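**Student:** heads up, no residue letters with this:
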């Protein structure tokens, strides 16, 4: 595995962001723990545009050997269509969660808040089907497991790649770096955007 | 040397930015080539506020053992007062340039474009005095040299730290990473700011 692309979202623009407000999506391309490039796009809170934004990042970042996604839901309930990305790019995808995703709660939240809940839930279901469920993976024996969904790559191979690219704690380095950048950039980003409406 | 903080600016907001327009300032804190944190502030194009913004980043990033600055001039001619930062923090500073700074050209540009050119030039002069000039340093024998000004640290010690933290090419890793982030974040940052004046 040479080039890894990790995709993560930033903080929400406010405590109670409105649907359609802009939030950040960050991509980090790494090769053997060296940062090669950073990509930055905006997506809508609770929108339907994260797949398109991710596809643009992927297309800018090519060549890539594997894509790591820091979850399936970005900027609120902007659900990524990971199966579509796999079908269009044929780049294997690993979706990573620190906690076991609670899909029952997600479904009931979707039903409660979104008229178009079925469109969103469909993307989650397709990933679950493709990945044959959510899998527990131990990256370090002394740490808690993480949870993955694997698309276009076998579970064992996915675990191996993640272990090879985890240096600190139990989070693979590209996801860790994408997280740090997304989190720390967001605050200034939103502050500046709101302060300077020019 | 444990904690290194590198500070860099992003791209200018446009080809001919107006004085006072907001630009990005990025700080990257690393420990043995591990990214610990990212900091992001906004500064004014051709403004006088980069020293204050850098001081805020430094104060958030503490503890820090050494500060690397990717030049003396940020977002146009927003000159950093590196000697003041040294006096207030007592953290050694190394200012790094890939090309030998041409202070004669800088002085004539300052005189041409700024009524307050003396305030800006004063900061450059003070660094030159404190650092006893600009020094050529070879980080890798087969590569071109870089140019440094060192404050609060001897030239030999500065060179040693830079060599220890240079993995790829001839740019110390924290500055390389800060550059990648600043450069790649800026475009989206400015686009989003201008598109969404809410």
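**Tutor:** Great, that's in hand. For clarity, every value in this text was computed on a predicted model and none was experimentally measured. Numbers count the residues shown, from 1 in each chain, chains lettered A, B, ... in the order given.
**Student:** count the residues that sit near the closest residue to residue A:39 other than its chain neighbours.
**Tutor:** Distance criterion C-beta to C-beta, 6 or more residues apart in numbering or on different chains; nearest residue to residue A:39, sequence neighbours excluded, is residue A:27 at 3.6 Å. Using the backbone N, CA and C atoms, a C-beta is placed for each residue, glycine as well. Close neighbours of residue A:27, defined as other C-beta atoms under 10 Å in any protein chain shown, add up to 27.
**Student:** with residue A:97 instead?
**Tutor:** So residue A:97, with other C-beta under 10 Å, has 17 neighbours.
**Student:** pLDDT value on the residue nearest to residue A:39, please?
**Tutor:** pLDDT, residue A:27: 95.
**Student:** distance of it relative to residue A:155?
**Tutor:** For residue A:27, the distance to residue A:155 equals 24 Å [C-beta to C-beta, to the nearest Å].
**Student:** ditto for residue A:45
**Tutor:** Distance from residue A:45 to residue A:155, by C-beta to C-beta: 33 Å.
**Student:** looking at those two, which is more packed in?
**Tutor:** Neighbours per residue (other C-beta under 10 Å) separate residue A:45 from residue A:155, with residue A:45 holding more: 20 against 16.
**Student:** wait, that one touches residue A:75, no?
**Tutor:** Yes: when contacts are counted by C-beta atoms under 8 Å, residue A:45 is listed as touching residue A:75 (4.9 Å).
**Student:** so what's in contact with these two at the same time?
**Tutor:** A:12, A:23 (C-beta atoms under 8 Å, 6 or more residues apart in numbering or on different chains).
**Student:** still on that earlier bit, can you name the residues bridging to the residue nearest to residue A:39?
**Tutor:** residue A:7, residue A:39 (DSSP bridges).
**Student:** residues in contact with it?
**Tutor:** A:5, A:6, A:7, A:38, A:39, A:40, A:41, A:54, A:57, A:58, A:61, A:178.
**Student:** let me know the closest of those to residue A:146.
**Tutor:** residue A:6 (13.5 Å; C-beta to C-beta).
**Student:** how many residues are close by the closest one?
**Tutor:** 27.
**Student:** isn't it up against residue A:71?
**Tutor:** No: contact criterion C-beta under 8 Å: residue A:6 and residue A:71 do not qualify, at 11.3 Å.
**Student:** re the thing from before, go through the contacts of residue A:27 and name the one nearest residue A:111.
**Tutor:** For the contacts of residue A:27, the nearest to residue A:111 is residue A:54 (24.9 Å; C-beta to C-beta).
**Student:** in stretch A:53-68, what's buried?
**Tutor:** Neighbour-count burial for stretch A:53-68, counted by 16 or more other C-beta atoms under 10 Å in any protein chain shown, picks out A:53, A:54, A:55, A:57, A:58, A:61, A:64, A:66, A:67, A:68.
**Student:** what's the farthest-apart pair in those?
**Tutor:** Pairwise distances across these (C-beta to C-beta) peak at 19.0 Å, for the pair A:53 and A:66.
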